[in-house]
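just the structure for this:
(2 chains)
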Amino acid sequence: MRWLAAVFLLVSVSSGVAPAAAQDPEEETTSAGDPQEDRASAFRAVRGAEAEQVPGGALLIGAYGAIFVLLLVYVWRLGRLHAANAEQLDGLARTLEACREPGGTKGEG
Amino acid sequence: MTTAGKIPVSWHVLAASTALLFGATVYLIFFVAPVEEQMGVVQKIFYFHVPSAYAMYIGFSVSALGGLMYLIKRSDRWDALALAGAEIGMLFCAIVLVTGPLWGRKAWGVYWVWDPRLTSTLLTGMIYAAYVGLRGFGPAGEVEKRFASALAIVGFPMLFLIKYSVQRWSGQHPVVITGRGGGISGDMVPALVLAFLAFTALVAWLLWARVRVERQRQRIEALEIEAAMLGLGDES
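Below is the predicted model:
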């Protein structure tokens, strides 16, 4: 789980870079009819032709890519841990079973 | 006897159901749900961001429950559950903290603002990161397990802080699907509902798998002690 803790810390540290840019005093003066205010309280389907001034496709791909990479890496790690533990458990169980049989290797290890 | 244990059929069924639900969710998000009027395609991050936050809540709550029960009963089963919950909660917290800023870059013009909800989510993640770090950097004795359990319990009230921070201190984070928000377009609802179902199945499957792995590790420790008592040494 060290990798996840490292990713988390990386996100935490990198997130400290942007806040200064976010403290724009003009943004605090949003009113009820402001599009920015509407955006924070409702999502509505687009009407007419789709038009974006700032393309968000890369951000969308980045977000879904990050989600699937994180999930797949975690599942892969779980699978590896499970397989390694199962192998170790089988080995230990076999050794102990042999030891318990009459004429086993008890005390010889 | 094989101690590795066979994986139950129900585990495979849950895994297959989760995969199917995710496939259907992705289809609905990208081919059925409409593009949002003001934000455009980047709003589609919302369909995985919000259920990830919900999965994070489940993970951390399970961790707190496991920690509390471990302190009461001192049973390794509860410790395994607490560890699994913290790890999986952290996984989804990382997803929330990665996808949120990517959405914010388009919506706010910056990746991060010290909004109450963002800040409280970050702080909660740090508490459970401490838990995972504590348990991840070496074998856990009784003291480590108890301290980690206390951390999981301390982190739990932060979940309420995340939820109610927007109501108490306002902030810029959207409140679309709460009572205060204007709601979402009807065409967006099926994708969101299915995403919640997919993440519920995923978090249940991951918890099951992680608890199973931790129980295996506990069994290994017990057998190693037994082997040592029989004088078999490290080579066993």
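
give me the number of residues near B:V35?
Number of residues near B:V35 (other C-beta atoms under 10 Å in any protein chain shown) recorded here: 16. In short, each C-beta sits where N, CA and C put it, glycine included.

please apply the same query to B:Q38.
Neighbour tally, B:Q38, other C-beta under 10 Å: 15.

and B:G183, by the same measure?
Applying other C-beta under 10 Å, we find 15 residues neighbouring B:G183.

test my guess that it contacts B:V176.
Yes - B:G183 lies in contact with B:V176 (C-beta atoms under 8 Å); the separation is 6.8 Å.

common neighbours of the two, please.
Contact criterion C-beta atoms under 8 Å, 6 or more residues apart in numbering or on different chains; residues shared by B:G183 and B:V176: A:42-43.

against A:L81, how distant is B:D76?
Taking C-beta to C-beta, to the nearest Å as the measure, B:D76 and A:L81 are separated by 17 Å.

same question, A:F68
With C-beta to C-beta as the criterion, A:F68 and A:L81 are 20 Å apart.

quick one, which of those two is more surrounded?
Per other C-beta under 10 Å, whichever of A:F68 and A:L81 has more neighbours is A:L81, with 17 against 14.

low-confidence ranges in chain B?
Across chain B, the ranges flagged by pLDDT under 70 are B:1-5, B:138, B:177-182, B:233-236.

and the residue nearest the centre of it?
Central residue of chain B (C-alpha atoms, centre = their mean): B:G89, 2.5 Å from the mean position.

in chain A, which helix or strand is least confident?
Ranked by mean pLDDT, DSSP states H and E, the weakest helix or strand in chain A is helix A:19-22, scoring a mean of 38.

next, count neighbours for B:H173.
B:H173 is flanked by 19 other residues according to other C-beta under 10 Å.

what's the end-to-end length of stretch B:31-47?
Terminal residues of stretch B:31-47 are spaced 13 Å apart (C-alpha to C-alpha, to the nearest Å).

neighbours of B:G23, how many?
B:G23 has 11 nearby residues by other C-beta under 10 Å.

A:R94 now?
14.

now do the same for it: its pLDDT.
Reading off the confidence values, A:R94 has pLDDT 89.

what does A:Q23 give?
For A:Q23, pLDDT reads 40.

same thing with the one 3 residues further on?
At A:E26, the pLDDT value in this model is 42.

again, but for A:P55
69.

what's the longest helix in chain B?
helix B:189-229 (DSSP state H).

how distant is it from the center of its chain?
12 Å (C-alpha atoms, centre = their mean, to the nearest Å).
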